[in-house]
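S.K.: here are the coordinates; sequence isn't available:
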C-alpha cells in the first residue's frame with residue numbers, strides 16, 4: 001500500500017514496524033488490545049505519536065482546514081514529505097516513509113474495506 005494512503009490500523013501498524021514492535025504483536029494489539037486494554041494508536045493519540053514527532057519529524061505545517069504536511073530529514077540529508085487530514089496522520093505517514101519507503105506491505109486484516 002502507498003504510504004501516502006495509510007490510515008487507521010494500517011498506519012498504526014506501519015508505525016509499530018518502524019518502532020521495532022514485532023509484526024504479530026503489533027497486529028494483535030492494534031486489532032484487539034492487550035490485557036491492559038492499551039491499543040497502538042500512534043496516528044490518533046498524541047501521547048503515542050508526539051514522542052515520535054519530537055524525535056523524527058522536523059516540521060508540520062497546516063495548509064488548510066483539511067490538509068497538514070509533515071517533513072522529516074534523515075541522516076543522509078534526504079527529506080521526506082507526507083500530507084494528511086490531521087497533523088498526527090501527516091507526521092506518522094512521514095515517519096513511515098522515512099523508515100520504510102513509499103510502499104508498505106500491510107497485513108490484509110488491517111486494511112478493512114481497502115483490501
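M.R.: Done, it's in. Note that this is a predicted model, so its numbers are computed, not measured. Numbering: from 1, shown residues only.
S.K.: top helix in this protein by residue count?
M.R.: helix 87-100 (DSSP state H).
S.K.: Kindly provide the distance from residue 108 to residue 74.
M.R.: Here residue 108 is placed at a distance of 30 Å from residue 74 (Cβ to Cβ, to the nearest Å). All C-beta atoms are positioned from the backbone trio N, CA, C, and that covers glycine.
S.K.: mind checking pLDDT for residue 10?
M.R.: Residue 10 is assigned a pLDDT of 92 by the prediction.
S.K.: so where's the chain uncertain?
M.R.: Scanning the chain for pLDDT under 70 picks out 26-38, 112-115.
S.K.: Which residue lies nearest the spatial centre of it?
M.R.: residue 92 (3.3 Å; Cα atoms, centre = their mean).
S.K.: hang on, that one packs against residue 13?
M.R.: No - shown here, residue 92 and residue 13 do not form a contact pair, counting by Cβ atoms under 8 Å, at 10.8 Å.
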